[in-house]
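Novice: dropping a prediction and its sequence here:
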Amino acid sequence: MIIMADELTQTETESKNDFHRLVREFFPYPEFRPFQLKAIKFAFDIIKNGNVGLLSSPCGTGKSISVLTAFLMAKESDSSVGKLLALTRTRNQLEIYCRELQSIKKHCGTSFVASVFKSKKELCPHIIENPKLKNLSYRDFLYYCKGLKEGAFEKTCKYYDGTYSNWKPSWHAFNVVNKIKEIGPLMPEEVYEICQSQELCPYEVTKILTRHADIVIGNYNYILVDAIRGSILGKAGLRTKDINCVFDEAHSLPYYAAGIFSDELSSISIRRASKEVKDFGLDDYGFLDALYNMAVEFGKTVYKNYGLDVEHVIDTDKLANTLSKSLKIETGKLKEFVSELLEKGEYIRQKRAEVGKNPVSYLSRCASFLLNWIKLSGSAYVRYVKVELDREGRRHVRLGIKCLDPSVAASVINELRSAILMSGTLWHANYYIDVLGIDRKRCRNMELPSPFPPENRLILVDKAVTTQFEKRNETQWRRIAEHLTQIIKQINGRVAVYFPSYEIMRQIAKTAEFDSPLVVEEKGTKILDVLRFLKTNRECVVFGVARGKISEGVDMSTEGRSMLSSVVIVGLPYPKRTELQEALYKFFREKFGDKALEYANDIPCLNALAQSAGRLLRSPEDKGVIVIMDGRAAGRLRLKLPKEWREEMKPHMRIESILSRIEDFYSTF
């Protein structure tokens with residue numbers, strides 16, 4: 001059939017009008033942010049057509065409300081669209097989705113059901129009733145929860161028992177679920193309060209609610225981990241092929257997906273497991289002594305040759321062969337032997353719980369780690385040993401398993417009805433498609449520009465300094481410290497400074513001197529403490545590490561406005577040169593050929609750079625300065641930055657020119 005030009009125009013016009021009608025029906029705010037309609041249209045098309053979309057949309061474009069609006073629009077126009085699963089990394093992001101859903105319901109009165117998950121531990125009433133359980137690791141808590149439900153500790157869980165009757169939701173739970181459906185969407189805390197008062201399990205009620213939900217909000221594990229996907233979605237009758245999925249902060253998805261199959265075991269845990277075995281009168285046949293002695297011998301060699309906090313890759317079979325030889329058993333029998341120890345570990349957990357102690361088992365921890373060491377095979381995994389210091393300055397050994405291939409977990413994205421991967425810095429679409437193992441034929445990509453006026457941001461490069469490995473020395477550290485001191489003095493506000501590593505941060509912290517209060521990130525630093533520090537001091541300095549807890553996913557704003565006047569990035573945050581990094585490069589070389597260096601080195605560096613810089617501007621009214629203190633940023637790497645970054649960057653060799661630029665920038669406001 002031939003369609004005439006005027007008919008095509010009319011069809012297109014009707015489609016456009018229909019799109020805008022749907023937007024007005026579900027979008028709860030009177031005005032759109034810059035480029036927000038484009039984001040909604042992109043998400044709408046992805047969901048409607050069953051594609052995989054990669055959306056790079058900077059902070060300030062309202063990504064969360066855009067995808068929620070787009071989903072409800074798609075569902076309104078086609079009832080077979082299915083359900084939406086919105087996955088987040090942080091509690092703050094989860095709460096944003098909850099609030100936006102409440103705004104939509106208030107705006108249009110549309111009837112929809114949302115099921116919002118926090119972790120099982122966070123939703124457990126026993127944590128309040130028994131404060132000892134707060135200190136359990138999440139792994140140990142899950143074992144405790146399972147044992148309690150099964151009556152393994154001479155008692156059962158009254159909240160679980162009240163929720164189910166003969167493995168089906170009880171009549172009481174059914175009524176509470178209907179109540180939540182009627183008054184929701186609710187925050188997890190609100191569901192918790194309702195369920196706790198009715199002596200029902202908040203987590204299990206949320207699972208039951210999922211069967212009726214149009215929208216489910218949780219974390220990445222709900223799709224990426226087989227067991228959780230089956231437990232939550234499978235039991236709710238949700239098939240992967242019927243799910244539309246949004247991955248928020250998707251720039252971190254490759255690291256998160258690979259981390260699912262990565263693990264570490266410390267010599268401290270092995271020692272504690274040995275004590276458990278003796279305390280409970282069990283026989284481990286010398287296994288733990290052999291494991292500990294082997295770990296110590298590996299550690300001595302690594303410490304002598306490489307020093308502290310450096311991962312040394314070891315042959316996959318080395319540990320298994322050494323253990324088998326020490327225990328005088330066949331290597332093929334080791335898995336069976338370790339499985340027997342795992343059962344003994346669960347016996348210890350049960351006995352501890354029965355006498356009112358925390359239901360932990362270090363023997364179980366050691367055995368489960370060794371089973372993974374034996375079972376996880378292939379070139380996608382490497383094993384390593386490293387030595388680290390504890391807070392008292394004592395050395396400990398860590399055995400580790402590192403997954404190099406994010407697609408082991410993430411390729412499940414191909415089974416979804418549709419998926420949207422979105423972030424403020426999803427700059428290199430091909431990288432995510434390749435390393436996550438996504439079907440390229442289904443992929444669509446959109447990269448939106450910054451919604452903020454370009455004159456509100458000044459990007460400077462200090463070409464006179466670098467943290468390049470070959471040029472690191474005391475002279476370089478002093479020059480960086482001197483320049484940093486002058487820049488911060490010129491800024492005269494709150495400044496966040498990010499470094500490639502803790503080691504470099506400590507080197508600069510020893511030399512730099514500031515008139516303003518300073519807080520330095522440590523591994524135990526809490527985000528809330530940093531935010532409190534910023535709110536308390538109008539002029540201050542925060543030292544953090546790129547890819548650390550205060551450089552990604554943390555919102556340094558108050559009442560919608562950024563608290564920062566500047567972000568300074570000292571050096572380029574390339575991944576640290578280690579044997580693990582070399583193993584990753586070799587794996588990518590085999591899989592992606594000439595793209596290996598870019599995928600293993602350059603893009604992780606750019607992501608960390610962008611995330612650190614992203615802490616600065618949070619609203620159109622914010623103004624600030626970004627300083628990159630490394631001459632390499634003005635070289636080859638510059639070509640990989642977005643066009644607006646390339647155009648705005650001002651490289652300078654002299655610190656006086658940088659200070660003058662900063663002064664001129666602030667004088668215009």
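Specialist: Nice, I can see it.
Novice: surely residue 126 meets residue 157?
Specialist: Yes. Distance between residue 126 and residue 157: 7.3 Å, which falls inside the contact criterion (C-beta atoms under 8 Å). C-betas here are computed from N, CA, C, even on glycine.
Novice: name the residues contacting each of the two.
Specialist: When contacts are counted by C-beta atoms under 8 Å, 6 or more residues apart in numbering, residue 126 and residue 157 have residue 148 as shared neighbours.
Novice: which one of those two has more residues nearby?
Specialist: Neighbours around residue 126 and residue 157, counted as other C-beta atoms under 10 Å, are more numerous at residue 157. The numbers are 21 against 16.
Novice: ok, that one to residue 345 distance?
Specialist: Look at residue 157 and residue 345: by C-beta to C-beta, to the nearest Å, they are 22 Å apart.
Novice: angles on the backbone of residue 560, please.
Specialist: Note on residue 560: its backbone torsions stand at phi 80, psi 0 [degrees, to the nearest 10].
Novice: no no, residue 566
Specialist: According to degrees, to the nearest 10, residue 566 has phi -160, psi 150.
Novice: same check, this time on residue 584
Specialist: Geometry field for residue 584 lists phi and psi as phi -60, psi -40, criterion degrees, to the nearest 10.
Novice: what's near enough to touch residue 375?
Specialist: Residues in contact with residue 375 (C-beta under 8 Å, 6+ apart) are residue 335.
Novice: meant to ask about residue 512
Specialist: Taking C-beta under 8 Å, 6+ apart as the definition of contact, the neighbours of residue 512 are 481, 484-485.
Novice: with pLDDT added, can I get those in CSV?
Specialist: As requested, these are arranged in CSV below (pLDDT from 0 to 100):
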residue, pLDDT
481, 96
484, 97
485, 95
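Novice: just the buried ones from those?
Specialist: Burial by neighbour count, 16 or more other C-beta atoms under 10 Å: within the contacts of residue 512 this picks out 481, 484-485.
Novice: closest to residue 300 among those residues?
Specialist: Lowest distance from residue 300 to the buried ones among the contacts of residue 512 (C-beta to C-beta) belongs to residue 481, with 35.7 Å.
Novice: does anything pack onto the strand or helix carrying the closest one? Which helices or strands?
Specialist: In the assignment (DSSP states H and E), residue 481 maps to helix 474-491. Counting by 3 or more C-beta pairs under 8 Å, 6 or more residues apart in numbering; DSSP states H and E, the packing neighbours recorded for helix 474-491 are strand 494-499, helix 502-511, strand 566-570, strand 624-629, helix 655-667.
Novice: how about the helices in the stretch 501-650 of the chain?
Specialist: 502-511, 527-536, 579-592, 596-597, 603-613, 643-648 (DSSP state H, counting those that start in this stretch).
Novice: residues touching the third one, excluding its own?
Specialist: The reference is to helix 579-592. Identification of contacts with helix 579-592 by C-beta under 8 Å, 6+ apart yields 311-313, 379-380, 382, 384, 402, 404-405, 434-435, 575, 595-597, 599-601.
Novice: among the residues you listed, the buried ones, what's the ChimeraX command?
Specialist: Applied in ChimeraX, the following selects the buried portion of the contacts of helix 579-592 according to 16+ other C-beta under 10 Å:
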select :311,312,313,380,382,384,402,404,405,434,435,575,595,596,599,600,601
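Novice: which non-adjacent residue is nearest residue 60?
Specialist: Here the nearest residue to residue 60 in space, its sequence neighbours aside, is residue 451; by C-beta to C-beta, 6 or more residues apart in numbering that works out to 4.5 Å.
Novice: surely the one you found meets residue 33?
Specialist: Yes. Applying C-beta under 8 Å as the test, residue 451 and residue 33 come out as touching, 5.9 Å apart.
Novice: single out the most deeply packed of the helices of the stretch 501-650 of the chain.
Specialist: Each of those was scored by mean neighbour count; the highest is helix 603-613, a mean of 23, by mean count of other C-beta atoms under 10 Å.
Novice: CA atoms only: put it into PDB for me.
Specialist: Taking C-alpha atoms only, helix 603-613 is exported to PDB below (Å, rounded to 0.1, in the frame of the first residue of the first chain):
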ATOM      1  CA  ILE A 603      36.700   4.400  30.300                       C
ATOM      2  CA  PRO A 604      36.900   3.500  34.000                       C
ATOM      3  CA  CYS A 605      39.100   6.600  34.400                       C
ATOM      4  CA  LEU A 606      36.600   8.800  32.500                       C
ATOM      5  CA  ASN A 607      33.700   7.400  34.600                       C
ATOM      6  CA  ALA A 608      35.500   8.100  37.900                       C
ATOM      7  CA  LEU A 609      36.500  11.600  36.600                       C
ATOM      8  CA  ALA A 610      32.900  12.400  35.600                       C
ATOM      9  CA  GLN A 611      31.400  11.000  38.800                       C
ATOM     10  CA  SER A 612      33.700  13.100  40.900                       C
ATOM     11  CA  ALA A 613      33.000  16.300  38.900                       C
END
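Novice: that helix - contacts with which helices or strands?
Specialist: Helices and strands touching helix 603-613, by 3+ C-beta pairs under 8 Å, 6+ apart, are strand 566-570.
Novice: report the inter-axis angle for the strand it packs on versus strand 624-629.
Specialist: 10 degrees (axes from the mean of the first three to the mean of the last three C-alpha atoms, to 10 degrees).
Novice: mind listing residues that contact strand 566-570?
Specialist: Outside strand 566-570, the residues that touch it by C-beta under 8 Å, 6+ apart are 467, 480, 484, 487-488, 491, 493-500, 504-505, 508, 546, 609, 612-613, 615-616, 624-630.
Novice: what does stretch 61-68 give?
Specialist: By C-beta under 8 Å, 6+ apart, stretch 61-68 touches 26-29, 33-36, 39-40, 43, 55, 57, 84, 86, 93, 96-97, 100-101, 103-104, 215, 246, 248, 420, 422, 424, 448, 451.
Novice: weed out the non-buried ones from those residues.
Specialist: The neighbour-count test (16+ other C-beta under 10 Å) applied to these identifies 26-28, 33-36, 39-40, 43, 55, 57, 84, 86, 93, 96-97, 100-101, 104, 215, 246, 248, 420, 422, 424, 448, 451 as buried.
Novice: now do the strands in the stretch 101-250 of the chain.
Specialist: With DSSP state E, counting those that start in this stretch as the criterion, the stretch 101-250 of the chain has strands at 114-116, 164-165, 168-169, 215-219, 243-247.
Novice: export the ones you listed to JSON lines and append columns for distance to residue 74 and mean pLDDT.
Specialist: Output for the strands of the stretch 101-250 of the chain, formatted as JSON lines (distance: least, C-beta to C-beta, whole Å; pLDDT from 0 to 100):
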{"stretch": "strand 114-116", "distance to residue 74": "16", "mean pLDDT": "93"}
{"stretch": "strand 164-165", "distance to residue 74": "34", "mean pLDDT": "93"}
{"stretch": "strand 168-169", "distance to residue 74": "30", "mean pLDDT": "93"}
{"stretch": "strand 215-219", "distance to residue 74": "12", "mean pLDDT": "94"}
{"stretch": "strand 243-247", "distance to residue 74": "8", "mean pLDDT": "97"}
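Novice: now distance to residue 668 too, for those strands, in a markdown table please.
Specialist: As requested, those are arranged in a markdown table below (distance: least, C-beta to C-beta, whole Å):
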| stretch | distance to residue 668 |
| --- | --- |
| strand 114-116 | 44 |
| strand 164-165 | 65 |
| strand 168-169 | 63 |
| strand 215-219 | 42 |
| strand 243-247 | 39 |
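Novice: which one of these lies nearest to residue 353?
Specialist: Each of the strands of the stretch 101-250 of the chain was checked against residue 353 via C-beta to C-beta, and the shortest separation belongs to strand 164-165, namely 21.4 Å.
Novice: by contact count, what packs against that closest one?
Specialist: Contact here means 3+ C-beta pairs under 8 Å, 6+ apart; on that basis strand 164-165 packs against no helix or strand.
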